[in-house]
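> prediction below, plus the sequence it came from.
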Amino acid sequence: MKDVPDAIHAILRQRAAAAGKSLQEYLLERLVADARTPTLDELLDRAGGRAGGRAGLAAAAKAVRAERETR
């Protein structure tokens, strides 16, 4: 990666060393983890495509309260 500020590079090198990894291994691990974690927009897109009922806030809150009281 180009144009990484020296201070940021130093922090990343320290973190990699603390994890017992090379900087390349550390950064690859971070990139893979980031790519596997869906963004909020991706989550909302997935949730929006699901079929299901529609409940208002009051009805949903009432259902949650009722469920909690059974525990």
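On my side now, so go ahead.
> from here on, just use CA atoms for contacts and neighbour counts.
Will do.
> and the contacts of the host helix or strand of Arg15?
Using DSSP states H and E, Arg15 sits in helix 6-18. Applying CA atoms under 8 Å, 6 or more residues apart in numbering, the contact partners of helix 6-18 are Ser22, Leu23, Glu25, Tyr26.
> tell me how many other residues surround Ala16.
By other CA atoms under 10 Å, 17 other residues sit near Ala16.
> so how far is Ala55 from it?
Distance, Ala16 to Ala55, by CA to CA, to the nearest Å: 48 Å.
> farthest residue from the center of this protein?
The centre of the chain is farthest from one residue, Thr70, which by CA atoms, centre = their mean lies 31.7 Å away.
> CA atoms only for the helix or strand containing Ala59, dumped as PDB, please.
Using DSSP H and E, Ala59 falls within helix 57-69. What follows is helix 57-69 as a C-alpha-only set of coordinates in PDB (Å, rounded to 0.1, in the frame of the first residue of the first chain):
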ATOM      1  CA  LEU A  57     -43.600  -0.500  17.200                       C
ATOM      2  CA  ALA A  58     -46.200  -0.800  19.900                       C
ATOM      3  CA  ALA A  59     -47.300  -4.200  18.800                       C
ATOM      4  CA  ALA A  60     -43.700  -5.400  18.600                       C
ATOM      5  CA  ALA A  61     -42.900  -4.000  22.000                       C
ATOM      6  CA  LYS A  62     -45.900  -5.700  23.500                       C
ATOM      7  CA  ALA A  63     -44.900  -9.100  21.900                       C
ATOM      8  CA  VAL A  64     -41.400  -8.800  23.300                       C
ATOM      9  CA  ARG A  65     -42.700  -7.900  26.800                       C
ATOM     10  CA  ALA A  66     -45.000 -10.900  26.700                       C
ATOM     11  CA  GLU A  67     -42.300 -13.200  25.600                       C
ATOM     12  CA  ARG A  68     -39.900 -12.000  28.300                       C
ATOM     13  CA  GLU A  69     -42.600 -12.500  31.000                       C
END
